[in-house]
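>>> Structure, please.
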Amino acid sequence: WTSTMRRTKETAQFFPHESFCHTWDNGDVGEWVQFRPMARRNLDELYAGVCDGMTYKEIEETFPEEFKRRQDDKLAYRYPRGESYMDVTLRLEPVAQEMERIREPVLIIAHQGILRILYAYFMGLDRKEAPYVNIPLNNVIQLTPHAYGCHEERFCLMHKSEMTTTDDGQDEPITSMPRKVPPLKKKETTISSMSSCDNDDDHDATKVHPNDPIMNAPSC
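Numbers count the residues shown, from 1 in each chain. Sure, this is the predicted structure:
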């Protein structure tokens, strides 16, 4: 399954679609088409409205108030003329239900926001965690359902070192959105994905470093 966007269809075009007879667990026999292509609008990326196509840095510079609102609540925040993670969760509900009913393996080629929500659903995570799930690029995440959840296995198709460029803004950050943390007290230390600056008594932890990869990544 892919979204209706060209980049997911172009990724899927390299899979062969061989067909063969398959015997199901209940004894039924039928033709099974390997990786049968199916474009679904439900799988389209979260629509960022007036911010569509912008990086976080560009959003912060152009719409500072909107940037702050999404930083405060990424789950419920809705882009102007766009969607929120809650909106996308609702349109993905039929997809998740169909995935639970289907009797054959499903390969989904989609976007990070979409995959975060589906991953959180099948792994039983709280919906507040969904916007911050780490979905690395160039990886296949295999979820195999069992009685009390899903078994997870990950396959790296291309290591970051093999990429022709590593500064294209597509590298998946830990949170995919700079999150506020309270200013540090004296003699307190922490590790934060927000900034590469060293922590000190005068450091404002609510700000981000201008070269932070999170800020240069496409919004999602």
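>>> Can you give me the buried ones in stretch 138-146?
Neighbour counts over stretch 138-146 (16 or more other CB atoms under 10 Å) mark residue 141 as buried. (Each C-beta comes from the backbone N, C-alpha and C, glycine too.)
>>> Which helix or strand contains residue 152?
strand 149-156 (DSSP states H and E).
>>> What is the distance between that strand and the centre of its chain?
Taking CA atoms, centre = their mean, to the nearest Å, the mean C-alpha location of strand 149-156 is offset from the chain mean by 16 Å.
>>> for the residue lying farthest from the centre of the chain, helix, strand, or coil?
Of all residues in the chain, residue 27 has its C-alpha farthest from the mean position, at 37.6 Å, by CA atoms, centre = their mean. Per DSSP: H, G, I helix; E, B strand; the rest coil, the secondary structure class of residue 27 is coil.
>>> ok, now residue 144?
Residue 144 - assigned by three-state DSSP - is strand.
>>> Next one: it from residue 101, what distance?
Going from residue 144 to residue 101 by CB to CB, to the nearest Å gives 16 Å.
>>> One more: residue 115?
In this view, residue 115 and residue 101 are 20 Å apart by CB to CB.
>>> And for residue 124?
For residue 124, the distance to residue 101 - CB to CB - is 18 Å.
>>> And these two? Which one has more around it.
residue 124 (9 against 6; other CB atoms under 10 Å).
>>> Need the per-residue pLDDT for the more buried one.
Looking at residue 124, its pLDDT reads 93.
>>> and what of the one 5 residues further on?
Per-residue confidence for residue 129 comes out at a pLDDT of 94.
>>> and if you look at the one 3 residues further on?
Listed pLDDT for residue 132 reads 92.
>>> Residue 57 too?
We have a pLDDT of 87 for residue 57.
>>> Kindly report the same for residue 179.
With respect to pLDDT, residue 179 has a value of 53.
>>> ranges for the strands of this protein?
19-23, 29-33, 139-146, 149-156 (DSSP state E).
>>> elements contacting the second one?
Right, the one you point to is strand 29-33. Counting contacts by 3 or more CB pairs under 8 Å, 6 or more residues apart in numbering; DSSP states H and E, strand 29-33 is packed against strand 19-23.
>>> who's in contact with the strand it packs on?
Contact partners of strand 19-23, identified using CB atoms under 8 Å, 6 or more residues apart in numbering, comprise 29, 30, 31, 32, 33, 34.
>>> Okay, and the beta partners of residue 149?
residue 146 (DSSP bridges).
>>> tell me the contacts of it?
Residue 149 touches 122, 123, 124, counting by CB under 8 Å, 6+ apart.
>>> With distance to residue 56 as extra columns, can I get the residues you listed in CSV?
Formatted as CSV, the contacts of residue 149 follow (distance: CB to CB, whole Å):
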residue, distance to residue 56
122, 28
123, 26
124, 29
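>>> What is the nearest of those residues to residue 139?
residue 123 (15.3 Å; CB to CB).
>>> Need phi/psi at the closest one.
phi -90, psi 0 (degrees, to the nearest 10).
>>> and the residue lying closest to it once chain neighbours are set aside, how many neighbours does it have?
Distances taken as CB to CB, 6 or more residues apart in numbering put residue 150 closest to residue 123, at 6.0 Å, once the chain neighbours are dropped. By the criterion of other CB under 10 Å, residue 150 has 16 neighbours.
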